[in-house]
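J.: Pasted the sequence and its predicted model underneath.
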Amino acid sequence: MTKFYKQINGYPAIRMRRNRMKAFSRRMISETHLNANNLIQPLFVTEGKYENTYIESMPGIKRHSIKSVAKEAMEIYKLGIPAIAIFPYIPNDLKDENGTESLNKNNVICKAIKEIKNSCPEIGIICDVALDPYTNHGHDGIIINNEINNDKTIEILCKQAVIQAEAGCDIIAPSDMMDGRVKSIRSALDKKNLINTSILSYSAKYASSFYGPFRDALGTKIKSDHVFDKKSYQMDPANSREALREIELDINEGADIIMIKPALSYLDIISLAKQNFEIPIFAYQVSGEYSMIKAASEKGWINEQDIIFETLLSIKRAGASSILTYFAKDIAKSLK
C-alpha cells in the first residue's frame, strides 16, 4: 500500500479531503458506529429517606426508589438499551465491618431486581458484587490485621453473587479486585445450577481519582484512620502489562466478559485487550468523567452533546463492545 502511494506521487492525485467534503460520504466511510445496543445505563437505588434524591456531584442523576427504578428500567428498554447496571445506597445503620447486609436476601438490590423483572422482564440486569456499599469502613473486603483479607472476602462475595443471581440478576459483576474471585464465584453459581448467569469481571479496575462522585452516590467513605487505601487491591494507573495479566487470569477462571474502568484515561488498555483477547470488552465511563463533562457544559465551555458522542466513539473505537455510561439514556434518545 505504501509503495502504491509513492508511485502515484501522493498529492495532488491523492486528496484525503474528498471523502470528507459532504455529509453523505462521511457517513458512508465512517469506521466506528455507536448505537443503543452498545450502551448500558448505571442506576442507583435505595430505600427510605434518600429515595429519589439527586446526587449533587452528579448533575441529573438520582438515587431511585425500588418503584421508580423499575419504571426507569422500562423507559430505558423502550429506547433500545439492552441492559442496566444497578448499585445500592445503603443507610449507615445497615452497614457493619463485614458488609452483612450484602447477604440479606431481602436487601434493596434483591428487591429492585425482582421489581424490575416484574416490570420489564426483557431487560438485562447487571449487579455489582463488592462489599464497599455495605461496609462501615468503605473498603471492598473484610479487614483482618489491618489489611483486606483476600480469601475471607471471596467467601462473602460468592454468597452475595448467588443471592443476586437467585433474585434474577442476569450478569454478576465482581468489582472488588480480589485475586481468584472469578473462579470461586463461577463455582458457587454452578453448584446452585445457576449455569446461565454470566460473569462480567472488572478485570482492569484502576485506583483512579475519577470515582469521587460515584462514592458520593453510594455514600461510601474510607475511614481516615485506616493505614491503607484502595491502592492495595485496585491497579496502579502506571501499569498496562499488569492489566493484560489480570484479564488473562480472569478469562482462564471463567469470566464471560471483562471490564476496564475507567474508560477515557485507559483507551490504551481497552485497545491492548482488544488486540490480545477474543472476549467481549466492556468499558465504564465513570462518574468523574460524567461530572467533568456536565460541569464544563454548565459553564458553557463545551458543547455537551458533541463531547458525549466524541468520548463514547473514542471508547468504542478503542475496542469496547459496550459502554457503561450515565449518558446512555440521553444518547439513546438522540439516536432515535
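T.: That came through fine.
J.: What count of nearby residues applies to the closest residue to E242 other than its chain neighbours?
T.: Leaving aside its sequence neighbours, E242 sits nearest to M235 (CB to CB, 6 or more residues apart in numbering; 6.2 Å). For every residue, glycine as well, the C-beta is placed using N, CA and C. Using other CB atoms under 10 Å, M235 is surrounded by 21 other residues.
J.: And the pLDDT for M235?
T.: The model reports M235 with a pLDDT of 93.
J.: ok, now how distant is it from Y206?
T.: 5 Å (CB to CB, to the nearest Å).
J.: Correct me if wrong: T46 contacts S68.
T.: No - using CB atoms under 8 Å, T46 makes no contact with S68, being 10.4 Å away.
J.: Count residues in the vicinity of I323, would you?
T.: I323: 23 neighbours (other CB under 10 Å).
J.: next one: K192
T.: 13.
J.: distance of it from A161?
T.: 10 Å.
J.: and what of S57?
T.: 29 Å.
J.: between those two, who's got more neighbours?
T.: A161 (27 against 17).
J.: need the contact list for that one.
T.: V129, I172, P174, I185, A188, L189 (CB atoms under 8 Å, 6 or more residues apart in numbering).
J.: cutoff 7 Å now
T.: V129, I172, I185, A188, L189 (CB atoms under 7 Å, 6 or more residues apart in numbering).
J.: Give the next helix or strand downstream of the helix or strand hosting it.
T.: When elements are assigned from DSSP states H and E, A161 belongs to helix 150-167. Downstream of helix 150-167, the first helix or strand assigned by DSSP H and E is strand 171-174.
J.: Now tell me what touches that next one from outside.
T.: The contact list for strand 171-174 (CB under 7 Å, 6+ apart) reads 85, 124, 126-130, 157, 161, 164-165, 181-182, 185, 197-202.
J.: ok, that strand: who's next to it in the sheet?
T.: Using DSSP bridges, the strands paired with strand 171-174 are strand 124-129 (parallel), strand 198-205 (parallel).
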